[in-house]
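Engineer: no sequence on this one, just coordinates:
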């Protein structure tokens, strides 16, 4: 059992467990503390570095095996087509056959096993919300609830698609395909219903220019026909390339499952703490109480009371719910190979959180608060013509900044980590140069560990910033009138 110092507390390190002990109640009695502390930190960093290197090795081996299998399938398929053409009395010259492989208009998109790695596209794929939940290379199917206007609901499991570790389905089902973890609807009404086996790489993306803007379009190659596949409808008014399409996805996605897990986890934790306080009335906190109590008191004493005054008890449950919900989602999203959920990096989630803050603030606004918005006292009437619109805009800008700040910080952190890991594939040329990949993995691991440490700090900071700004907005809305 080796003690080490971490942020003002004594931690007892034993195998894989850390036991928090309050500094105020315990005295350090063992040897050279600093020397032991550095030793423990080194062991922890070394352990997770080895974990990361091992995971990287497994990823590369799995990717190489998949590439070999796909290449062999392609060779077998081409040989079968060649033999079939020879039996029919047709001849195929090398030039025409090569052109056919690279011509997407003939519905045979070319797939390069060593294509240039695109870190941006890979990062966006890993932080996107998906219809499957992945733990490492295991794809856990989720319920799909899809609505097509005029046709009704289609309800089934995403397991019907038999997705690979990239989230690409090997089957189409009832006119839907799974591409990069997201359900797409096949727009051709003549496409057969039920399970339809798809060839490798039969679903692909093409960039099309519409009104001088580039748009990614997803197509399905089936029986030498290139069929457009619609994405789900999104209410982004076209700002992010979305809009209304031929279907609506009401499924329980990866982000929804993560929020439910966090809700259940937090409910269990706080109910357990409440029962412990009843059983241990008047005694020092123990176990998880000792971890949560300082955080709870910090939000209460440094956020709720200073900003909300005598009404702090009324709004403290709301502030605590916001803080711990955001914090838990931020921390859960940083656990490697456990879904990689980017819940607080999703604009839909941060929009709802900001909307709740907006509603609570303005529902409790008093006469003094609204008077300062629509009839600012102490200024000339002609100035109010300018000030009033600015104040009204401020009502909506405040929740907008809450939404964008949380979204931007969490999304940026996830993307940077994925891009740092992607350096291995960039220098390794997607498996074509294994030596360079192993060499670059050292720098990639160090950069990733550094960024993960920063992200751990950002997780707490962003939850705190959201809570304290919400408290300041509510405090301004309920503040009593003071004569100046």
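Structural biologist: Cool, got the structure. In this text, all values refer to a predicted model and were calculated from it rather than measured experimentally.
Engineer: correct me, but residue 305 touches residue 311?
Structural biologist: No: contact criterion C-beta atoms under 8 Å: residue 305 and residue 311 do not qualify, at 9.9 Å. Yep, even glycine has a C-beta here, placed from its N, CA and C like the rest.
Engineer: how is this structure partitioned into domains?
Structural biologist: 2-77, 130-252, 256-478 (automatic domain parsing).
Engineer: other residues contacting stretch 252-262?
Structural biologist: Here stretch 252-262 makes contact (C-beta atoms under 8 Å, 6 or more residues apart in numbering) with 129-134, 142-143, 145, 181, 325, 328-329, 332-333, 339, 341-343, 346, 349.
Engineer: which of those residues count as buried?
Structural biologist: The neighbour count (16 or more other C-beta atoms under 10 Å) marks 129-134, 142-143, 181, 325, 328-329, 332-333, 339, 341-343, 346, 349 as buried among the contacts of stretch 252-262.
Engineer: which ones among these map onto strands?
Structural biologist: Using DSSP state E, the subset of the buried ones among the contacts of stretch 252-262 located in strands is 132-134, 143.
Engineer: quick one: the helices in the stretch 151-300 of the chain?
Structural biologist: With DSSP state H, counting those that start in this stretch, the ranges of helices along the stretch 151-300 of the chain come out as 254-279, 288-299.
Engineer: now those helices as a markdown table including mean pLDDT, distance to residue 455 and mean neighbour count?
Structural biologist: Converted to a markdown table, the helices of the stretch 151-300 of the chain look like this (pLDDT from 0 to 100; distance: least, C-beta to C-beta, whole Å; neighbours: other C-beta atoms under 10 Å):
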| stretch | mean pLDDT | distance to residue 455 | mean neighbour count |
| --- | --- | --- | --- |
| helix 254-279 | 93 | 16 | 14 |
| helix 288-299 | 90 | 19 | 15 |
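Engineer: got those as JSON lines, with distance to residue 473 columns?
Structural biologist: As requested, the helices of the stretch 151-300 of the chain are exported to JSON lines (distance: least, C-beta to C-beta, whole Å):
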{"stretch": "helix 254-279", "distance to residue 473": "24"}
{"stretch": "helix 288-299", "distance to residue 473": "16"}
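Engineer: CSV for the domains of the chain, including distance to residue 122?
Structural biologist: Formatted as CSV, those follow (distance: least, C-beta to C-beta, whole Å):
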stretch, distance to residue 122
domain 2-77, 12
domain 130-252, 10
domain 256-478, 6
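Engineer: out of those, which is closest to residue 124?
Structural biologist: domain 256-478 (7.6 Å; C-beta to C-beta).
Engineer: measure the closest one end to end?
Structural biologist: In domain 256-478, first residue to last residue: 34 Å (C-alpha to C-alpha, to the nearest Å).
Engineer: may I see the buried residues of stretch 363-372?
Structural biologist: Buried, per 16+ other C-beta under 10 Å, within stretch 363-372: 365, 369, 372.
Engineer: residue 398 against residue 474, yeah?
Structural biologist: No: with contact defined as C-beta under 8 Å, residue 398 does not reach residue 474; the gap is 11.0 Å.
Engineer: who has more neighbours out of those two?
Structural biologist: Remark: of residue 398 and residue 474, residue 474 carries more neighbours, 26 against 19, as counted by other C-beta atoms under 10 Å.
Engineer: where does pLDDT dip in the stretch 1-150 of the chain?
Structural biologist: Applying pLDDT under 70 to the stretch 1-150 of the chain flags the ranges 1-106, 108-117.
Engineer: what residues does the most centrally placed residue in the chain make contact with?
Structural biologist: Nearest to the mean C-alpha position of the chain, by C-alpha atoms, centre = their mean, lies residue 342 at 1.3 Å. If you count contacts by C-beta under 8 Å, 6+ apart, residue 342 has them with 126-129, 255, 333, 410-411, 414.
Engineer: quick check: closest non-adjacent residue to it.
Structural biologist: residue 127 (4.1 Å; C-beta to C-beta, 6 or more residues apart in numbering).
Engineer: isn't that neighbour right up against residue 418?
Structural biologist: Yes: between residue 127 and residue 418 there is a contact under C-beta under 8 Å: 7.4 Å.
Engineer: so, low pLDDT: which residues of the stretch 201-350 of the chain?
Structural biologist: Using pLDDT under 70, the stretch 201-350 of the chain drops low at 236-242.
Engineer: swap in 80 and give it another go.
Structural biologist: Flagging of the stretch 201-350 of the chain using pLDDT under 80 yields the residue ranges 208-215, 235-243, 282, 336-340.
Engineer: burial check on the residue nearest to residue 342, number of neighbours?
Structural biologist: Residue 127: 21 neighbours (other C-beta under 10 Å).
Engineer: give me every residue that touches it.
Structural biologist: Shown in contact with residue 127 (C-beta under 8 Å, 6+ apart): 340, 342, 345, 411, 414-415, 418.
Engineer: and if you look at residue 456?
Structural biologist: Counted by C-beta under 8 Å, 6+ apart, residue 456 has contacts 331, 334.
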